[in-house]
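[1] sequence-free structure coming up:
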Ligand code: FES
């Protein structure tokens with residue numbers, strides 16, 4: 001067992017974990033934060049996205065011990081305009097991908113504000129176009145196909 005400490009949603013948590021435990025399993029099984037979902041468990045769907053020191057990561061691909069001393073934010077710890085925008089714009093259907101979509105979108109907006117380019121960033125580097133939203137959110141899949149509502153919600157909050 002390895003002892004780690006993380007700040008999770010503003011609370012310092014001390015965990016004794018086997019080094020092989022993923023951050024996703026640590027959050028869900030050891031801290032009962034089940035808002036973060038397990039979809040593929042192999043980095044393909046984005047359902048498990050959380051923020052680690054403000055950066056979005058797939059928590060299924062991360063070992064919890066790698067995040068010793070880090071600040072983790074899950075959907076339970078978010079209070080962001082995107083959450084209501086997703087509701088207003090029907091950015092969900094079954095809801096399974098939603099927490100990952102919202103955590104990813106929060107991280108994406110911060111990346112954009114910090115000037116990180118994407119593959120389709122316009123030459124002036126300023127506008128967050130629909131194409132850019134789709135490209136930057138391409139790591140988050142929605143099997144219900146609620147993409148139009150998701151893009152509408154993000155566009156509204158980004159404006
Ligand atoms: Fe982590 Fe799918 S559960 S990317």
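    Sure thing, it's come through. None of the values given here were measured: they were computed from a predicted structure.
[2] residues contacting the host helix or strand of residue 150, please?
    Assigned by DSSP states H and E, residue 150 belongs to helix 147-158. The set of residues external to helix 147-158 that reach it, using C-beta atoms under 8 Å, 6 or more residues apart in numbering, is 80-82, 85-86, 88-92, 101, 105, 108-109, 112, 128, 130, 133-134, 137, 142. Every C-beta, even on glycine, is put in place using the N, C-alpha and C of the backbone.
[3] hmm, try it at 10 Å
    Contacts to helix 147-158, defined as C-beta atoms under 10 Å, 6 or more residues apart in numbering, come from residues 80-93, 97-98, 101-102, 104-106, 108-109, 112-113, 127-134, 136-137, 140-142, 146.
[4] just the buried ones from the residues you listed?
    Applying 16 or more other C-beta atoms under 10 Å to the contacts of helix 147-158, the neighbour count classes 80, 82-83, 85-86, 89, 91-92, 97-98, 101-102, 104-106, 108-109, 112, 128, 132-133, 136-137, 140-142, 146 as buried.
[5] in contact with the nearest residue to residue 145 once chain neighbours are set aside, which residues are there?
    Leaving aside its chain neighbours, residue 145 sits nearest to residue 93 (7.6 Å; criterion: C-beta to C-beta, 6 or more residues apart in numbering). Residue 93 makes contact with 142, 143, 144, 145, 146, 149 under the criterion C-beta under 10 Å, 6+ apart.
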